[in-house]
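Student: sequence and predicted structure, then a few things I'm wondering about:
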Amino acid sequence: MPASFSLQQFFGRVDDDREADYNGDGESSHGLLSPRGHRRQRPLSLWRWGYIPPLWLACVLLALLWLGSGYGGYWPSTVQPSPEQNLEQALQAPQAPQAPKPVHPPQWPADKEDDGDEDDGKDKHEEEEIPIGQSRDRGGREVFWWEQFPRLRGFFRGRKHIVPLSEYTPEQNSPAPFQPDTPTNASFQPRPARLRHKTKQCYLDQDEQVPVPIWGAYMGQPRGMSAPLFGSHEELGLDLGYCYDRVSRFEAYGIGDLAVPGGDNADAHPYTPVDWEHVNWASAQENCSAKNSGTYTTRTAVIIRTWHSHKYTKWDIAVLRALIAELSLQTGGEYTVHFLVHVQDDTIPIWASDDEYERVLNESLPREFHGMATLWSVAQMMLVYPGPFPDTIVNFSGGELYEAYRSLHFPLQYFAAKHPEFDYFWQWEMDLRVTGHYHELLGQITDWAQSQPRHLAWERSSRFFIPELYNNSYQNFAHAVEDEILASGRPPISGPQVDRAKLLEIPPQAGLANGANIVDLITLNPLFDPNGTAWAFHDDITGYVDGRPPARAALITASRLSRRLLLLMHNETFRKKHTMFPEMFPASVAFQYGLHAIYAPLPIYFDRNWPAVHANEIFNNAPVSEESKAGGLMHNQGYFHGPHGSVFGPGEHVFRGSTYYSNAAFASYLWRRWLGHENDNDEIARETNQDSSGLGGRMCLPMMVLHPVKAD
């Protein structure tokens, strides 16, 4: 869609079915920052009622069980706490009792594709249009203007619609509505790791008889597959010439019941059976690294955050097998995967004896992953980083400093200090899902980041890359940023941002054989200045007695950190008693010391067709256009979030329809649809051959990172 497309032409109407997508608390807010960041909820007053009818109580309990089962996660609600409030809780939520699964999971897109029938949905046009930037109460739920944007349907077109990349046109740029055509027959190709070095083959067993399975993918993309709003496959070097379906992606890793009742289960690809439960991944990793010692000049650890009471599903286990196989064994040990396990119960005496430590460690992970983990607890962190800490500017959450919610970086800092064999550390979360090959994803992101010049790196990294605004060219984007800085008269950000006399000595960092830049921090969301924003935790800064320090933040902790950055964080914490909120401390230390930090433009998809200029106004807080002002978009001094504001904060409801953010409900929905879970919406018909065309097939998606996925 052209960037100049009129917003007034672009809006549709919100119908009753579509309102089921996002629950609300019934409050209507018409301000430009709606919803408020932390909305008050009316407590149940048993004293006022005097009693609760048993039938009503039973209904409430059943509803809570249903929400706890994971399906409720599809229904993002403005009454839920902000995702920043749930950083640790969402990652380490206790497993609720599982209610019986309904026949159909709750639906996401309740409206139908436009089939040209003017009689469809007459009632949907009776309600007034919501002005841009505002919201209205609809049936007790707050509905936002962006929910009127047209739905994107290309995600759900299956493998029988795959066309070569040369014939692929994104849904947003298609000149005519999608029409099912003659089924295509896409080629299927193996997808091994793309290695930079010659390595010796690694195996799953000690006797080197069981090789790591190589799975495959379809060449091309489904006709009209939607394009990402942010980021770029081409810029990062992620191969858009392949798409991935559930069977070929996970059948190789032991998911034996991928057949979905009524779904497209044909053309499974046979793999040599592996006795997965008897694989010793720790031993396989060690043997692989030893076999290829000297191949790599630097070593990278992939740290998976988990907790001791987590119950691993078959999908958790398959995803972990894929991650270890593709990052470690297929690459000759380029990466080492390790679990950092939070023992949430401080009464468990894991430090009392080695036997107790091993017992808890072994009970915390499936047997095949034993020997790959380190335990940590809040009590341990209190010993590693003893107080007292000076006051926090504002402790918005009210929690204790050592709680994982406020200090999730403490155990990673300490792990880096105790493991000098690693030069870089990816931190990864259990609720992340990747449709494509893990090594391609992390390898290409790393290569791209290392190729980026330091000049204006902080400025480029402060905003989302919206390719439609720059003719799909990151180079054009970089030039635009440079022109903006020159026009503003502001000096470029360069070097340390704190008096050097107040800084600690920067630890040594292993260089790269090819002479590429050392990148100390790679994030998958922009590195923004939290000062002056409405982000709830912008003042969760502790120990800086001389006043508020220069700071940066990047939301969602998935990122890559250099050894020297983590050691600086470690030293700042235990020597100077400095710390900040987990999503702010790494970026802020890098910023203060003048280290190299980069936001990698990860492709992020949305379920609706946002106009690019308007997306820039909302997500990047770009100056509001005259067209938007004429359309009634409220603003503060020409900016939707104010001159120093940010989308990260009260206005983050706009991320609900995305594939990557803390509250991205569409991510979980898309993942479950990709796995073949049926619902009553139109898109399922294309896989199950229930529509009039008899075409479709199971979904085939390009490389995507989906977060958060709380249920498979």
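Tutor: That came through, no problem.
Student: show me where the stretch 401-550 of the chain has helices.
Tutor: 409-418, 438-450, 457-460, 474-488 (DSSP state H, counting those that start in this stretch).
Student: and the third one, how far from the chain's centre?
Tutor: Right, helix 457-460. Per C-alpha atoms, centre = their mean, to the nearest Å, the displacement of helix 457-460 from the mean C-alpha position of its chain is 21 Å.
Student: what helices or strands is it leaning on?
Tutor: Helix 457-460 makes packing contacts with helix 474-488, strand 597-599 when contacts are defined by 3 or more C-beta pairs under 8 Å, 6 or more residues apart in numbering; DSSP states H and E. All C-beta atoms are positioned from the backbone trio N, CA, C, and that covers glycine.
Student: partner strands of the last one and their direction?
Tutor: The one in question is strand 597-599. Applying DSSP bridges, strand 597-599 is found paired with strand 521-523 (parallel).
Student: pLDDT weak spots in the protein?
Tutor: Flagging of the chain using pLDDT under 70 yields the residue ranges 1-126, 179-183, 257-263, 265, 268, 513-516, 678-695.
Student: quick one: the helices in the stretch 601-712 of the chain?
Tutor: Taking DSSP H, counting those that start in this stretch to define them, one finds helices in the stretch 601-712 of the chain at 612-619, 626-630, 665-674, 684-688.
Student: and these as JSON lines, adding mean neighbour count?
Tutor: Formatted as JSON lines, the entries for those read as follows, by neighbours: other C-beta atoms under 10 Å:
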{"stretch": "helix 612-619", "mean neighbour count": "23"}
{"stretch": "helix 626-630", "mean neighbour count": "14"}
{"stretch": "helix 665-674", "mean neighbour count": "25"}
{"stretch": "helix 684-688", "mean neighbour count": "21"}
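Student: of those, which approaches Phe648 most closely?
Tutor: Nearest to Phe648 among the helices of the stretch 601-712 of the chain is helix 612-619; the distance by C-beta to C-beta comes to 9.6 Å.
Student: what's the closest one packed up against?
Tutor: Here helix 612-619 is seen to pack against helix 626-630 when contacts are counted using 3+ C-beta pairs under 8 Å, 6+ apart.
Student: looking at the helices and strands packed on helix 457-460, which is buried most?
Tutor: Comparing the helices and strands packed on helix 457-460 by mean neighbour count (mean count of other C-beta atoms under 10 Å), strand 597-599 comes out on top with a mean of 26.
Student: can you list contacts of it?
Tutor: Contacts of strand 597-599 from elsewhere in the structure, counted by C-beta atoms under 8 Å, 6 or more residues apart in numbering, are 449, 452, 457-458, 460-462, 519-527, 552, 554, 587, 590-591.
Student: which residues are in contact with Pro526?
Tutor: For Pro526, the residues meeting the contact criterion (C-beta under 8 Å, 6+ apart) are Ser461, Ser462, Arg463, Phe464, Ala554, Tyr599.
Student: just the buried residues of those.
Tutor: Ser461, Ser462, Arg463, Phe464, Ala554, Tyr599 (16 or more other C-beta atoms under 10 Å).
Student: measure the first one to Ala590 for me?
Tutor: Looking back up the chat, that one is Ser461. When distance is defined by C-beta to C-beta, to the nearest Å, Ser461 is 11 Å away from Ala590.
Student: doesn't Glu171 make contact with Phe178?
Tutor: Yes. At 7.3 Å, Phe178 counts as touching Glu171 under the criterion of C-beta atoms under 8 Å.
Student: for the two, indicate the residue with more neighbours.
Tutor: Taking other C-beta atoms under 10 Å, Phe178 and Glu171 do not tie; Glu171 has more neighbours (21 against 15).
Student: correct me if wrong: that one contacts Arg153.
Tutor: Yes. Judged on C-beta under 8 Å, Glu171 makes contact with Arg153 at a distance of 6.9 Å.
Student: between those two, which contacts overlap?
Tutor: Counting by C-beta under 8 Å, 6+ apart, the shared contacts of Glu171 and Arg153 are Phe178, Gly224, Ser226.
Student: quick one: the residues you listed as CSV, columns for distance to Arg563 and secondary structure too.
Tutor: Output for the shared contacts of Glu171 and Arg153, formatted as CSV (distance: C-beta to C-beta, whole Å; DSSP: H, G, I helix; E, B strand; the rest coil):
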residue, distance to Arg563, secondary structure
Phe178, 49, coil
Gly224, 45, coil
Ser226, 39, coil
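Student: for the residues you listed, which one is nearest His614?
Tutor: Using C-beta to C-beta, Ser226 is the member of those that sits closest to His614, with 17.4 Å.
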